[in-house]
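Trainee: build me a model:
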Amino acid sequence: MGYAAVISLIQTLKQVMQQKPRWVIGDTRKMVESLLDSVGYFQNFLESSCNIRRQDSCKQQFEELEREIRIAVNEAENVIELNIYEFNQLERCRSRLGLSRQPICDDLPPLLEKIDAVKRKILMQNSSIISSTKVDSLLGLDSSSRHIVNMSLENVVVGLEDDLMKIMRRLIGPPCGREVVSILGMAGIGKTTLAKKAYHHPEIRNRFDIHVWVTISQEYRIRDLWLSILSCIPHISETYPMDVRDEINESTDNQLMDMIYKKLKCRRYLVVMDDIWSKEIWDLMTRIFPDDNNGSRIILTSRHEQVAKHADPDSKPHKMSLLNSDNSWKLLKGKVFGVEHVCPPELEDIGKQ
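Mentor: Okay, here's the model as predicted:
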């Protein structure tokens, strides 16, 4: 199925960017980011077209587009996985071969061309379909609001408004000292979504000098975490004017920790540590976060209350709860019909079940 292949590739790309920062550098990083954007477009297309492609007049066209998406995305995932495998092999013998950095992946540019070709085909065919009166009538859209159907679910925050305001008050308000703001809850309840909304909020972006996002998870390599944090810190070359990538790759873990600490020193920073599982990883990572009494904050998301209490015993964790029936229905309506459109009355009872 095309949608499953798209989601799989998105997860793979995000995992690669998080866990293999030494591979995703320079032009390679730009190409991976471009690929991620294109695959995100495929995801939005498949999600927003689910109502349209059920119509007999459109079904064949959409099935063909979905087939092309699936083929292109599966090929992309195979290429990425092969490159990571080769990268891992090179890493093992890197010192023996005297390699100072990894070469750009030669097979990524033609892969991007194939992905872009599918994207252009979707744009052409989808434009002609969406512009038809039949489809507009079906979805209840006028020409000025048609774009709302393509809205990503990530932009719809249902039932998190109060949570977001509470988190933002803790990020902006007292105390002046460094504070850990923990977000607790079961898997899939929206911890990461809430943290992401706060992290990207304009008021939060303007308040902090440095913004760092790092995903921990159960399985991690501590060195990859240090490299991931360094990749989020802007203008690191101002502090390290040598060939920065070579210096970082050749540094020990302790040297990387020292780099991070010095770059954060005397700056107001916001760090998100997403999906942290153990107290031990916090004990290790807390050493890189200076406390200069300037309002720096660390957002920590976890399923485990003991981890949050260990990180900052004086800071009360923010516990998330499940959506109630009304908010669950609002979320479903926003997903299917868009936030500014009304569910047909004949579907409302079915939807609420």
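Trainee: so where does residue 271 fall, helix or strand?
Mentor: Using DSSP states H and E, the element containing residue 271 is strand 269-274.
Trainee: next secondary structure after that strand?
Mentor: Downstream of strand 269-274 (by DSSP H and E), the next one is helix 279-285.
Trainee: tell me the angle whatever helix or strand comes next after that next one makes with strand 269-274.
Mentor: Beyond helix 279-285 in the direction of the C-terminus, DSSP H and E gives the next helix or strand as strand 297-302. Here strand 297-302 runs at an angle of 0 degrees relative to strand 269-274 (axes from the mean of the first three to the mean of the last three Cα atoms, to 10 degrees).
Trainee: where do the strands sit along the stretch 201-350 of the chain?
Mentor: Ranges of strands in the stretch 201-350 of the chain, per DSSP state E, counting those that start in this stretch, are 210-215, 269-274, 297-302, 318-319.
Trainee: least trustworthy helix or strand in the protein by mean pLDDT?
Mentor: Sorting the helices and strands of the chain by mean pLDDT, DSSP states H and E puts helix 133-139 at the bottom, at a mean of 37.
Trainee: list the buried residues in the helix or strand following it.
Mentor: Following helix 133-139 in sequence order, the next helix or strand is helix 161-172 (DSSP H and E). The neighbour-count check on helix 161-172 (16 or more other Cβ atoms under 10 Å) flags 163, 164, 167, 168, 170, 171 as buried. (Each C-beta comes from the backbone N, C-alpha and C, glycine too.)
Trainee: average pLDDT across helix 161-172?
Mentor: For helix 161-172, the per-residue pLDDT values average out at 88.
Trainee: elements contacting that helix?
Mentor: strand 179-184, helix 191-200, helix 202-207, strand 297-302, strand 318-319 (3 or more Cβ pairs under 8 Å, 6 or more residues apart in numbering; DSSP states H and E).
Trainee: of the strands of the stretch 201-350 of the chain, which is nearest residue 111?
Mentor: Residue 111 lies closest to strand 210-215 among the strands of the stretch 201-350 of the chain, at 25.0 Å (Cβ to Cβ).
Trainee: give me the angle between the closest one and strand 269-274.
Mentor: Using the same axes, to 10 degrees: strand 210-215 against strand 269-274 is 10 degrees.
Trainee: sheet-wise, list the partners of strand 210-215 with their directions.
Mentor: Paired with strand 210-215 in the same sheet, following DSSP bridges, are strand 269-274 (parallel).
Trainee: put the alpha carbons of the strand it pairs with into PDB.
Mentor: What follows is strand 269-274, C-alpha atoms only, in PDB (Å, rounded to 0.1, in the frame of the first residue of the first chain):
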ATOM      1  CA  TYR A 269      18.600  27.800  25.500                       C
ATOM      2  CA  LEU A 270      15.600  25.500  25.000                       C
ATOM      3  CA  VAL A 271      16.300  21.800  24.700                       C
ATOM      4  CA  VAL A 272      13.700  19.200  24.000                       C
ATOM      5  CA  MET A 273      14.600  15.600  25.100                       C
ATOM      6  CA  ASP A 274      11.900  13.600  23.500                       C
END
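Trainee: number the chain from 13, please
Mentor: Right, with 13 as the first residue, what we last looked at is strand 281-286.
Trainee: so which bits of stretch 301-312 are buried?
Mentor: 301, 302, 307, 308, 309, 310, 311, 312.
Trainee: which stretches of this protein have low pLDDT?
Mentor: Low-confidence segments of the chain (pLDDT under 70): 13, 61-70, 101-118, 137-171, 247-261, 334-365.
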